[in-house]
Every structure is written in structure tokens, then in C-alpha cells.
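Asks: A predicted structure for the sequence below; I have some questions about it.
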Amino acid sequence: MQHNEPDRNNNAGQEARRDFLKQSTLLTALSLTPSVVVQAAEKHLDEKAAAYFEQVTLKLTINGKPYTLSVEPRVTLLDLLRERLNLTGTKKGCDYGQCGACTVHIDGRRTLSCLTFAVMHEGQAVTTIEGLAEAGPQGKLHPVQEAFIRHDGFQCGYCTPGQIMSAIGCLREDRANSPDEIREYMSGNICRCGAYNNIVDAIAEVKKGGQKV
Amino acid sequence: MINFQYLRASSPKSAIDGVRTDLSAQFIAGGTNLIDLMKRGITAPPKLVDINNLPLRDIADEGKTIRIGALALNSTVADHSLILKKLPLLAQALNAGASAQIRNMATVGGNMMQRTRCPYFYDPSLPCNKRAPGSGCGAVAGINRMHAIFGLEPVPDQHVCIAVHPSDMCVALAALDATVEVWGPGGNRTIPFTGFHRLPGSNPQKDNTLQHGELITALRLPDNALATHSHYLKIRDRASYAFALISVAAALDLKGKTIQQARLAMGGVAHKPWRLTEAEQVLIGKPATEATFREAAQVAMRGARAFEHNTYKLKLAPAAIVEALTRAAG
């Protein structure tokens, strides 16, 4: 313990600075928190007002399971899924909305989880690649997952979760009626291995088979 | 990304109040452009007011006009039966933009508010009068292949901006005589669509004529006789999911072969969607032939000026106008 005691004589300056920082942080907290809450109440904004250092309570459903979380406003839905909830099936490719690897469904719509803050989805239902197959080790895969395997719709596999989530959206939107239409409506998903032809074939087969997706 | 204060508005008034008092506060709707800009450090609003809960999503036929709520998603508008029937040009333009996922997130109001994709604007280490007023324009003597050919007023170096507006939807809205309904601290007002976006002038940092705290609530489009003969042509580096090099929104009202009314606007050529009213005048009363379209294209190109890497636009733009008009008439 003696060893860890700060040497007050030698570190007086540092200590003073540390105390000042502590104090000023506290003052900042005091001056910001009430004003934010008061401001929010005055303006009839709901209780989700958050100062920039605060966490916001967030309730949402992911793959059918309800979550109550506490998150910073700046956390994207993608980072929440991957870093907090260990749902790493959803991939981070470019992180700027250009590659489609992070595609998930929000309330049934295919969207990019990297270009949206998690706090913007209070009360909504998110489906990720992990939520497609039936539960359990013997659970049946989703028809689009099966078609991707049958048609070898991937090589390295990194874009595949995004491709599959997007393909389901494409089919549900009835935009899979020809190879050209599939290519156009899948253009937000990039595959650097170049498995495009097989991806198009997989989607076309599910469309032809008329399975419910 | 630096953290920020997050407020969720429950009424348009509370949203406006939440932004009005803080000059650096911003609204957030779909977030597809704003979050991208925040991640890259191009903008860092200390406070965001989330407007997604506001009741501004309806698309309604009001008789002589069609009203589209500002929070209607790009994909919802593009797939809506009323829009497909009466404003197919708008649906076509929407589907030409972004990707299916982004169209499912981005709102109509947000599409209007998106910033230029000029690479100099997008790189904080390079000069840009739009991002950092007074720092100069990197594009004017740089790689300006994607840049403007119209609306280039002579201004001192510290104001130069040759960026283009990136939206496809806005090109169709400029052609279709849309108006923008805006609520703000000073009351409500209506802005004609062609007066919503602005030329850079001496304030290139300002993309549009909105005042701080003003909230776009809806678009209104007149029901017209232009639905049957319209076409949105987009020319880009890839077959899909790329910004326009040149785009043309063309709509004609034909009686037999004769043009009764015409609407024409271009994208990828100016700091704002570029309506071509003089070219439209050339078309009226003439037969819908290639010769007529060429004459209109020639008039449309008056005043165009190119830079080192975008001289191709001086040929591509008139050819695109002729092609779009031909497809609209066909």
C-alpha cells in the first residue's frame, strides 16, 4: 500500500490538476443534467432526453426476444448488435452505408444497421441473420439460406448475412421477377469475391419455388 | 464520433423548439446522410432532435394536389399506387437513387436536405468552402469530373463552390412544380421547390433557403396531365447504386404528336436541381420529334461552362436531354 501512495511532495501539481478535473467534471454534470431535463419537460419532449455523457434506456425486440438496454445515443444499431449483444452475424464492412454487409430488418424492412442510431428504434423489432433459422442445433434453415448453400452464393462469406437479409427483402418486395430486376434491387450489397451470378440464381430459385419468405 | 445530446420530439412544435434555441442543433429523421457525415467528422452537431415519431408520413390525394408527408420513406412514396398512377416520374427518380435498404430508411424531407457528395467536401483534410468557409475550393483546379456546369457565378476564391446537388428525387420535384410546406419559429410558409435549394453565391455553406429551426412538414405536387409521357434518365458510372453524372427528368403533355406542355430538369449539373424553363418553352406547340428535342437541348445548354475533367458533360447533357424526351414521348 505504501508503495502506491502518491508522493504528495513530488506530485503536488499533478494532484491539484486531478482535483480540478474531478471538480469541473462534476460541475459540468450538474449544469447539464438538470437543464436538459427541464428543457425536455418544458418543451414536452419525452423522457428520452439525454445529455451527451448519458445513457438512454432503450427497449426493443431482437429476433423475437425483448431487450431493455442502456446505450449512448451515438451507438449505431450495428455496434449495439455486435459489440454489446454478441450478435456478430451482422457484419461491419464499410461502416458508411456503401456495402450492405450490415443489412438487418427493422419492423420487417431491410435497412442498414450502420447508418442508424440504436436509440432511434425504441419499441421496434429487429431481425438479424441469427433470427432466420428455426431454433436449436437441428433447426431448419430459412429457404433463402438453403438456396444460397445450394447455389454456392458466396466464397469468403463476409457479405453473406447482408446478402441473405437483403435477398429476403427483395423477395418480399416482389422485386425478384427477372435476373435484371434482382440485380437492380440487390445493388446495395457488394460481394468482392464476385459471387453475384450464384446469388442471383439462388434468389431466382426461391422466387420460382414460391416459398414463403 | 463525439457524443451528443439526444431528444425525441413528440410534436412538430416541440421539435422546432428543441432546435430553434441552439444554433448547432439539428433534426434527425432517416439519418442515412447525417450519420455518415458525423462518422467522417464533417459535421458534429452537439444536439440531435429525433423527429421520427411526428405524424408526417401520410400520402394523400387532395383533389388538385397530392400531398406527401415529409417523413414518408423514399420506398413508400416510390411504391405508392397514387404516385405510380399520377406522378410516375417521381417514382422513377426515387428508384434511381441510393439502394433498396437506404430507400427504406431515408425520408422525403431528408432526401431534400442531403449534402453534396463532392469528394473535397467529404475529406476534412482538403480545402472546401462549403465545409470550411474561406478555405478555398479543392475541386476547381482538382479532380472535377463529377462537378457543376451550370449556375457558376463569378465569385472570389474564398466563396467558390462547384459541387452538385446529389438527389434524383429533387430533379423530378423541380420538374413537377412541387411546393415545400415548412413550419418554423416564425410561422408556417410555402416555398416553391425551385426556390428551396440555392446557388452557392457568396454562401456556399448554405445548400437551401431554410432558416434555422424550420422543419419541412410536407411536399405538395399539382395533379397534372404529364403522367402518361414522362421519363427519368440517369447516367452514372455503374449500372446501379451510383450518383448521377447527368440525369434528366422529362415530362410531356401530348395532343397527337403536338407538345402542349413540357417539364424538363437536370441533375448532376448544378448546386441545385436545374430546371430548364427556356428549353420547355421551345418545346411547346411543336411536334414531338428528334429535331424539336435537339433544338430544346441546344437552348438548355446556353451558359454551360466546364472544368478540366468534366468537359464531357457539355456533350453528354444535351444528348441525355434528347434521349429522355424521346423516351418520354414514346
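Replies: Cool, got the structure.
Asks: Which parts of the chain are helices?
Replies: Using chain A. A:12-42, A:77-79, A:143-150, A:160-172, A:179-185, A:196-209 (DSSP state H).
Asks: wrong one, chain B
Replies: Under DSSP H, chain B gives helices at B:12-20, B:34-39, B:74-79, B:81-86, B:88-96, B:100-103, B:108-113, B:169-175, B:277-283, B:290-300, B:313-329.
Asks: how close does residue B:60 sit to residue B:107?
Replies: Separation of residue B:60 from residue B:107 (CB to CB, to the nearest Å): 16 Å. To be clear about C-beta, it is placed using only N, CA and C from the backbone, and glycine gets the same treatment.
Asks: Let's check: the centremost residue of chain A is which one?
Replies: Centre of chain A computed as the mean C-alpha position; nearest residue by CA atoms, centre = their mean is residue A:78, 2.1 Å away.
Asks: need the contact list for the residue nearest to that one when sequence neighbours are not counted.
Replies: Nearest residue to residue A:78 in three dimensions, chain neighbours excluded: residue A:113, at 3.9 Å (CB to CB, 6 or more residues apart in numbering or on different chains). Neighbouring residues of residue A:113 by CB atoms under 8 Å, 6 or more residues apart in numbering or on different chains: A:76, A:77, A:78, A:81, A:90, A:102, A:103, A:104, A:126.
Asks: Can you tell me, leaving aside adjacent residues, what's nearest to the residue in chain A that chain B sits nearest to?
Replies: Per CB to the nearest CB, residue A:188 is where chain A lies closest to chain B, at 2.5 Å. Closest residue to residue A:188 apart from its sequence neighbours, by CB to CB, 6+ apart: residue B:99 at 2.5 Å.
Asks: And for residue A:155?
Replies: residue A:193 (3.6 Å).
Asks: surely that neighbour meets residue A:152?
Replies: No: if you go by CB atoms under 8 Å, residue A:193 and residue A:152 don't touch, sitting 10.7 Å apart.
Asks: could you list every residue that touches the residue in the stretch 1-150 of chain B that chain A sits nearest to?
Replies: Closest to chain A within the stretch 1-150 of chain B is residue B:99: 2.5 Å, counting by CB to the nearest CB. Neighbour list for residue B:99: A:100, A:187, A:188, A:189, B:241 [criterion: CB under 8 Å, 6+ apart].
Asks: Give me the pLDDT for it.
Replies: Residue B:99 carries a pLDDT score of 98 in this model.
Asks: The contacts of residue A:113 in strands, which ones?
Replies: Among the contacts of residue A:113, the ones falling in strands (DSSP state E) are A:103, A:104, A:126.
Asks: neighbour-wise, which of the contacts of residue B:99 leads?
Replies: Within these, residue A:100 tops the neighbour count with 29 neighbours, counted by other CB atoms under 10 Å in any protein chain shown.
Asks: Could you list the residues of the stretch 151-300 of chain B in contact with chain A?
Replies: Contact residues (CB under 8 Å from any CB of the partner chain) of the stretch 151-300 of chain B with chain A: B:238, B:239, B:240, B:241.
Asks: of all those, which two lie farthest apart?
Replies: For these, the maximum inter-member distance is 8.5 Å, found between B:239 and B:241 (CB to CB).
Asks: list the residues that contact both of the two?
Replies: With CB under 8 Å, 6+ apart as the test, residue B:239 and residue B:241 both reach residue A:187.
Asks: For the residue nearest the centre of chain B, which residues are in contact?
Replies: In chain B, the centroid-proximal residue (CA atoms, centre = their mean) is residue B:170; its distance is 3.0 Å. Contact partners of residue B:170, counting by CB under 8 Å, 6+ apart, are B:111, B:112, B:193, B:197, B:267, B:273.
Asks: re earlier: could you dump the residues of the stretch 151-300 of chain B next to chain A into CSV with pLDDT added?
Replies: Putting these into CSV (pLDDT from 0 to 100) gives the following:
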residue, pLDDT
B:238, 96
B:239, 95
B:240, 97
B:241, 97
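Asks: Of those residues, grab the buried ones for ChimeraX.
Replies: With 16 or more other CB atoms under 10 Å in any protein chain shown as the criterion, this ChimeraX line picks the buried residues out of those:
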select /B:240,241
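Asks: returning to that earlier point: when you check chain B, which of the ones in strands among the contacts of residue A:113 turn up near it?
Replies: residue A:103.
Asks: Need the buried ones from the ones in strands among the contacts of residue A:113 selected in PyMOL.
Replies: The buried residues among those can be selected in PyMOL (16+ other CB under 10 Å) with this line:
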select buried, chain A and resi 103+104+126
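Asks: Tell me where the model's unsure across chain A.
Replies: Scanning chain A for pLDDT under 70 picks out the ranges A:1-53.
Asks: repeat that for 80
Replies: The model of chain A has pLDDT under 80 over residues A:1-54.
Asks: Kindly report the domain assignment for it.
Replies: A:56-131, A:143-209 (automatic domain parsing).
Asks: Out of the ones you listed, which gets nearest to residue B:116?
Replies: domain A:56-131 (15.8 Å).
Asks: so who does the closest residue to residue B:210 other than its chain neighbours touch?
Replies: Nearest residue to residue B:210, sequence neighbours excluded (CB to CB, 6+ apart): residue B:182, at 6.8 Å. Going by CB under 8 Å, 6+ apart, residue B:182 touches B:188, B:189, B:190, B:191, B:210, B:214, B:215, B:216, B:217.
Asks: Please, a ChimeraX command that selects the buried ones among these?
Replies: The following ChimeraX line selects those of those that are buried, judged by 16+ other CB under 10 Å:
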select /B:191,210,214,215,216,217
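Asks: can you redo the contacts of residue B:182 as CSV with pLDDT?
Replies: Shown next, in CSV, are the contacts of residue B:182 (pLDDT from 0 to 100):
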residue, pLDDT
B:188, 97
B:189, 98
B:190, 98
B:191, 98
B:210, 97
B:214, 98
B:215, 98
B:216, 98
B:217, 98
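Asks: how near is residue A:175 to residue A:191?
Replies: As judged by CB to CB, residue A:175 and residue A:191 stand 18 Å apart.
Asks: Likewise for residue A:172?
Replies: Distance from residue A:172 to residue A:191, by CB to CB: 21 Å.
Asks: So between the two, which is more surrounded?
Replies: Comparing residue A:172 with residue A:191 by other CB under 10 Å, the one with more neighbours is residue A:191, at 22 against 15.
Asks: is it true that the more buried one touches residue A:159?
Replies: Yes: the pair residue A:191 / residue A:159 is scored as a contact, 4.8 Å apart, by CB under 8 Å.
Asks: and residue 60, bridged to which residues?
Replies: Going with chain A. Taking DSSP bridges as the rule, residue A:60 bridges to residue A:67.
Asks: To clarify, I was referring to chain B.
Replies: Per DSSP bridges, the residues bridged to residue B:60 are residue B:67.
Asks: so which of the helices of chain B comes closest to residue B:129?
Replies: Using CB to CB, the nearest of these to residue B:129 is helix B:34-39, at 16.6 Å.
Asks: and that closest one, is it in reach of chain A?
Replies: Yes: on the criterion CB under 8 Å from any CB, helix B:34-39 is in touch with chain A at B:35, B:36, B:39.
Asks: Surely the first one is in contact with residue A:76?
Replies: Put plainly, it is residue B:35. Yes: because the distance of 7.2 Å satisfies CB under 8 Å, residue B:35 is recorded as touching residue A:76.
Asks: shared neighbours, the two?
Replies: Taking CB under 8 Å, 6+ apart as the criterion, residue B:35 and residue A:76 both touch A:115, A:116, A:117.
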